[in-house]
Each structure stands twice: as C-alpha cells, then as structure tokens.
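# the sequence and its predicted three-dimensional model are supplied below.
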Amino acid sequence: EDPLVQLLGILANAVPPNIFAALAQYNILGVITFSVFFSAVLSGVMEDAGDLVQLVKSSDLVLTRMITLVLWWTPIGVGSLVAAKVMAVDDLGASMRSLGLYVVTVVLALAVQGLLVLPACYVALVRKNPFAVYRGFSPAFVTAFGTDSSAATLPVTLECAQKMGCAESICNFVLPLGATINMNGTALYEALTVIFIAQLNGVELGPGQAVVVCLTATLAAVGAAAIPSAGLVTMLLVLQAVGLEEYAADIALIFTVDWLLDRIRTVVNVAGDAFAVCVVREFTGLEGPAPSKAEIELTQAAAGNGAAALPSA
C-alpha cells in the first residue's frame, strides 16, 4: 500500500467519528486523541463539571482496581503465551539467535540515543558539558533502571534537578510532563520491535513504511503510561499502522527479554527529561538556590504522591 495512503489512514484513525466504535475496534490512536481532547476541555471547566470530574476519578479508581486483580494472573497468562509461541516455532535455535540479535540491536540503538544523540543536542543548544548532567542525574538513572518506571523515578529526578540548580518552577513543570510524554527511548524501542516482528515473519518493509513506523511509534510512545512494559501495549498501534496486526501474537516472544530492555529504555527516557530540564534552565535563565534537606524531602514526598496518581518506560 502507498505510504501516503497509510499516513492519511493514520490521521483518519486519530479522529474517530464514534468513540465507542473506536473502543470496540481497538483504535488506540483514536482513543488517545479523544482522551487528550476530553481531558483538556474538562480541565478548563472543572468548577462547573464537578460531577463529571468525580465520575472520571471514580472510574479511574475502579478500573485501576480491576487491572490490579487481573495482574495477579499475568504470570500464568504471559507464560502460556510464551509457551504457545515457542511450541509453534519450527526452528527454535534460529528464533533464539534472531532474538539475541534483536536484543543487541535495541541495546546499541538505545546507547546511541542516550550517549550520543541527547548530549549532542544538549551541546548544540546550550554549549555546555553534557557529562555534568550525567553526573548530576546519576542517582535518577540508577533508580530508573531499578524501578523500571519513569513515574517512580520522578521524586529522585526532581531532587537531582534541584541540586543542579534548576528553579523549582521549571522542575515542577518540565519533569512531571516529561515523565508522562517524553518517551524517546520507548519510541525507539517500539520502532525497532515492529521491524523485528516484520522480519521474523518474512515481511519486507519499504522506506515509506519505515517512515510510517517511526512516526506512529512516536505517537504511541506519547500515549504510553510511565509504568513498566507499557510500550508493549501501545506497540499494537504501530503494528496496525503498517498492516501487521495479524502478527501481534509475536509480542509474546518479546516478553521474554522485555524485563531487561524496558529498564534500559526507561533510563534513556529519564535522560531525555534530565537534558530537557537543563536546557529549559539555560534558556530561561531561572536558577534556584541549593535546596535544604527538609525542602528536598518535602519535594520527594509531593512528587511521590503525584507519581502514585499517574496511570499505572
């Protein structure tokens, strides 16, 4: 199919004529677009729409509880999916070799993004040493690798930013926003994974389709929650964009290595937030005083409560 037609199809899916039909047909992009638009409008009329706001909050609480109950069965479900996929493979050795090369490719790509692209952009924008950012935010990177969540890392990221001299107003705006939508590592991971799934099934993607994959992966990453393995869910959107939804079951194979790759891409996501807040600090010229220990603890507690309220990188 013509890549232009695919792009126009993606744009059409982004504005569904019926939100309930989009939910039933698993039009993730349409649901994300509607949710963003709905929440933006609702935030402007919260005083006059108190009942609707309470309904949204109550629904979020109930759905979170339902998801929590379902997650208790996740080990059995994921184990069954992986077992079924492995049993259906004709040449297990070749599949394992392909999976190993996929892991190496993703790790190298994330390393290039985190160690070359991000610092190069930082140097180009502010003309300062990027290693100071790595050193200042090293506790946040370690926490991101350990917790596997940008939201859970947010309190530590805020503390590091304040120690780096970023004003509190900048930290409180840039970092929570970045933890939600700045998923550069996740976007890269999703694009590579879709290409891997296509190659695994002998499907050749042309240059136009590769562009569609990159653009859709970027959009899907923005809609991914700041929790472990959220990218595997939004990856279905990327598969749909290039007509590979019939191979969605292959995501089960990715589950076997996602525990490691997800931690690495979360570190890259947090690195993107760290460089972003430092760039904003330089552009605005707003620098805060070194915070006291009590102020840091207060900021961590507030950020922890905010992270807990985020939907469950």
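Okay, I see it.
# output the below-cut-off pLDDT ranges for the stretch 1-150 of the chain.
Applying pLDDT under 70 to the stretch 1-150 of the chain flags the ranges 1-3, 6, 85, 89, 92.
# one more pass at 80, please.
1-11, 13-14, 25-29, 32, 64, 67-68, 71, 74-75, 77-95 (pLDDT under 80).
# in it, which spans are helices?
For the stretch 1-150 of the chain, helices defined by DSSP state H, counting those that start in this stretch occupy the ranges 3-14, 19-24, 28-44, 50-71, 74-88, 92-112, 118-126, 131-136, 138-147, 150-163.
# which of those helices sits closest to residue 192?
Residue 192 lies closest, by C-beta to C-beta, to one member of those: helix 92-112, at 5.4 Å. Using the backbone N, CA and C atoms, a C-beta is placed for each residue, glycine as well.
# in that closest one, what counts as buried?
Buried positions in helix 92-112, judged by neighbour count with 16 or more other C-beta atoms under 10 Å: 99, 102, 103, 106, 109, 110.
# give me the helices and strands touching it, please.
helix 184-200, helix 251-284 (3 or more C-beta pairs under 8 Å, 6 or more residues apart in numbering; DSSP states H and E).
# then the shortest one to CSV, C-alphas only?
As requested, the backbone C-alpha atoms of helix 184-200 are provided in CSV (Å, rounded to 0.1, in the frame of the first residue of the first chain):
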residue,chain,number,x,y,z
ASN,A,184,12.2,8.9,23.4
GLY,A,185,13.6,5.5,24.5
THR,A,186,10.2,3.9,24.2
ALA,A,187,9.6,5.3,20.7
LEU,A,188,12.9,3.9,19.5
TYR,A,189,12.2,0.6,21.1
GLU,A,190,8.8,0.2,19.6
ALA,A,191,10.0,1.1,16.1
LEU,A,192,12.8,-1.5,16.3
THR,A,193,10.5,-4.1,17.7
VAL,A,194,7.9,-3.7,14.9
ILE,A,195,10.7,-4.0,12.3
PHE,A,196,11.9,-7.1,14.1
ILE,A,197,8.5,-8.7,14.1
ALA,A,198,8.1,-7.9,10.3
GLN,A,199,11.5,-9.6,9.6
LEU,A,200,10.7,-12.5,11.8
